[in-house]
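Participant: The following block contains a protein sequence and its predicted model.
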Amino acid sequence: MKEEFLDKKLQERREQEALRQLKTTAGLIDFCSNDYLGLAQKLTAVTGLSHGATGSRLLAGNYTLIETAETQLALFHQAPAALIFNSGYDANVGLLSCVAQRGDTILYDYLSHASIRDGIRLSFAQAHSFLHNNLADLEKKLQQATGTVFVVTESVFSMDGDLAPLTAISQLCQHYHAHLIVDEAHATGVMGPNGAGLVQQLQLHDACFARVHTFGKAVGCHGAAVLGSAALRNYLINFSRAFIYTTALPPASIGVLQQAYQLFPVMNEERTHLQRLIQLFQQTSIRYQKLLSPSPIQVVVVPGNAAVKQVAQQLQQNGFDVRPILYPTVPKGAERLRIVLHAFNTTTQLQQLLALLQ
């Protein structure tokens with residue numbers, strides 16, 4: 001997929017002598033950072049890695065470790081380039097608010113996360129939702145779309161736990177020359193080869209314009225990365241306000257991220273156990289409706305805010321931390337228990353939980 005629309009905007013910045021570039025500040029005397037009291041330096045001496053980046057990455061907050069981590073992320077996720085954001089929310093808002101221009105079209109799954117919706121709202125493009133995982137509705141809207149077209153979906157949906165039909169969506173995007181953006185927040189670490197995500201499991205990484213991998217779920221730390229072309233990375237550095245105007249993640253966070261990316265790819269036994277728990281949950285009959293989900297997110301529908309809160313309270317009184325998801329977060333009548341399975345949960349624990357729902 002060609003990305004001339006990125007190159008055009010970047011060339012305008014070059015001609016204006018306004019192109020932003022990341023630089024490291026190693027070896028320079030600091031008259032730039034926001035470390036007014038020098039505490040970031042003092043904490044570094046205590047812990048070995050700084051707990052403060054001391055500025056945005058375009059000023060004092062860029063450093064070799066974070067650029068090294070981005071190179072490692074790109075390599076692991078089979079992407080040309082990666083750019084780290086402070087959170088998954090920042091990544092989605094920062095990406096979606098700036099890539100589409102006035103006259104362009106963004107099509108997004110109706111059940112997309114709030115961060116996706118907020119990023120789209122900040123864009124100048126026109127936007128339309130398509131029915132959840134509904135290929136016919138998506139194609140209908142693709143036929144009507146104008147300008148540069150972007151299709152946005154999650155690979156694993158956070159409230160239902162189901163998967164997007166990414167292969168079919170990718171084929172539609174190719175046919176209609178649309179740019180596919182996939183949020184892999186709930187697939188990272190859990191699905192795909194060595195936990196690399198659903199996109200890589202389906203061998204669709206080259207078909208995506210951008211992927212968002214977040215680190216606050218299975219990766220167990222903080223932050224997120226947008227994966228895409230080198231041009232996209234350069235574009236975000238220049239136009240993504242959520243990246244430009246915030247203090248960068250500190251080296252301590254990046255160090256933990258690098259450790260996490262050394263650990264979770266080899267946790268195949270944990271992923272296998274997690275799959276057994278998922279199968280057990282799906283195969284066990286209970287008195288409530290369950291949604292079909294191949295992910296660690298399992299949903300038990302208990303209609304009505306009062307009713308689902310009562311069931312959740314009963315589970316909590318029996319020692320299980322299960323939370324109710326209420327209307328208006330989910331549609332009225334679809335209130336639910338959102339039960340998240342983990343590799344550290346035992347089969348016995350899950351059986352005991354299921355027994356309380358039978």
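Facilitator: That came in fine, so what should we check first? As the structure is a computational prediction, the values presented were derived from the model and not from experiment.

Participant: For stretch 2-15, which outside residues touch it?
Facilitator: 19-20, 99, 101, 148, 209, 229, 231-232, 234-235, 238-239 (C-beta atoms under 8 Å, 6 or more residues apart in numbering). In this view, the C-beta of every residue, glycine as well, is placed from N, C-alpha and C.

Participant: Out of those residues, grab the one that's most surrounded.
Facilitator: The most crowded member of the contacts of stretch 2-15, judged by other C-beta atoms under 10 Å, is Val99 (29 neighbours).

Participant: Relative to Ala168, how far out is that residue?
Facilitator: To Ala168, Val99 is 23 Å away according to C-beta to C-beta, to the nearest Å.

Participant: On the three-state scheme, Leu227 is what?
Facilitator: Of the three states, Leu227 takes strand under DSSP: H, G, I helix; E, B strand; the rest coil.

Participant: which residues does it contact?
Facilitator: 73-74, 77, 79, 81-82, 208, 210-213.

Participant: Distance of the spatially closest residue to it that is not a sequence neighbour relative to Gly228?
Facilitator: Distances taken as C-beta to C-beta, 6 or more residues apart in numbering put Ala79 closest to Leu227, at 3.8 Å, once the chain neighbours are dropped. Separation of Ala79 from Gly228 (C-beta to C-beta) stands at 6 Å.

Participant: Contact partners for Gly27?
Facilitator: Taking C-beta under 8 Å, 6+ apart as the test, Gly27 contacts no residue whatsoever.

Participant: Local confidence estimate at it?
Facilitator: Here, the pLDDT recorded for Gly27 equals 78.

Participant: same question, the one 4 residues further on
Facilitator: pLDDT, the model's per-residue confidence, is 65 for Phe31.

Participant: same thing with Glu335?
Facilitator: pLDDT at Glu335 comes out at 96.

Participant: residues contacting it?
Facilitator: If you count contacts by C-beta under 8 Å, 6+ apart, Glu335 has them with 301-305, 307-308, 324-327.

Participant: Go through those residues and flag which are in strands.
Facilitator: Among those, the residues falling in strands (DSSP state E) are 301, 324-325.

Participant: low-scoring pLDDT stretches of the protein, where are they?
Facilitator: Filtered on pLDDT under 70, the chain yields the residue ranges 1, 31-37, 39-40, 42-43, 45-47.

Participant: my read is the residue nearest to Leu227 is in a strand, agree?
Facilitator: No. Under three-state DSSP, Ala79 sits outside any strand and is assigned coil.

Participant: what sits against it?
Facilitator: Ala79 makes contact with 73, 205, 211, 227-228, according to C-beta under 8 Å, 6+ apart.

Participant: Make JSON lines from those and add distance to His51 to it.
Facilitator: Below are these laid out as JSON lines (distance: C-beta to C-beta, whole Å):
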{"residue": "Leu73", "distance to His51": "21"}
{"residue": "His205", "distance to His51": "33"}
{"residue": "Arg211", "distance to His51": "29"}
{"residue": "Leu227", "distance to His51": "26"}
{"residue": "Gly228", "distance to His51": "29"}
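
Participant: what ranges do the strands span in the stretch 201-350 of the chain?
Facilitator: With strands called from DSSP state E, counting those that start in this stretch, the stretch 201-350 of the chain shows them at 208-214, 224-228, 289-290, 297-301, 323-325, 336-340.

Participant: from these, which stretch is densest packed?
Facilitator: strand 224-228 (a mean of 27; mean count of other C-beta atoms under 10 Å).

Participant: Return the distance of that strand from the chain's centre.
Facilitator: 9 Å (C-alpha atoms, centre = their mean, to the nearest Å).

Participant: for stretch 134-150, same thing?
Facilitator: The answer for stretch 134-150 is 23 Å, by C-alpha atoms, centre = their mean.

Participant: go on, stretch 110-120?
Facilitator: Between the centre of stretch 110-120 and the centre of its chain there are 11 Å (C-alpha atoms, centre = their mean).

Participant: buried sites along that stretch?
Facilitator: Neighbour-count burial for stretch 110-120, with 16 or more other C-beta atoms under 10 Å as criterion, is recorded at 111-113, 115-117, 119-120.

Participant: CA atoms of that stretch as PDB?
Facilitator: Written as PDB, here are the backbone C-alpha positions of stretch 110-120 (Å, rounded to 0.1, in the frame of the first residue of the first chain):
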ATOM      1  CA  TYR A 110     -18.800  -0.300  16.200                       C
ATOM      2  CA  LEU A 111     -17.300  -2.100  19.300                       C
ATOM      3  CA  SER A 112     -13.900  -0.400  19.000                       C
ATOM      4  CA  HIS A 113     -12.300   0.800  22.200                       C
ATOM      5  CA  ALA A 114     -12.900   4.300  23.600                       C
ATOM      6  CA  SER A 115      -9.300   5.400  22.800                       C
ATOM      7  CA  ILE A 116      -9.900   4.600  19.100                       C
ATOM      8  CA  ARG A 117     -13.100   6.600  19.100                       C
ATOM      9  CA  ASP A 118     -11.500   9.500  20.800                       C
ATOM     10  CA  GLY A 119      -8.600   9.600  18.300                       C
ATOM     11  CA  ILE A 120     -11.100   9.500  15.500                       C
END
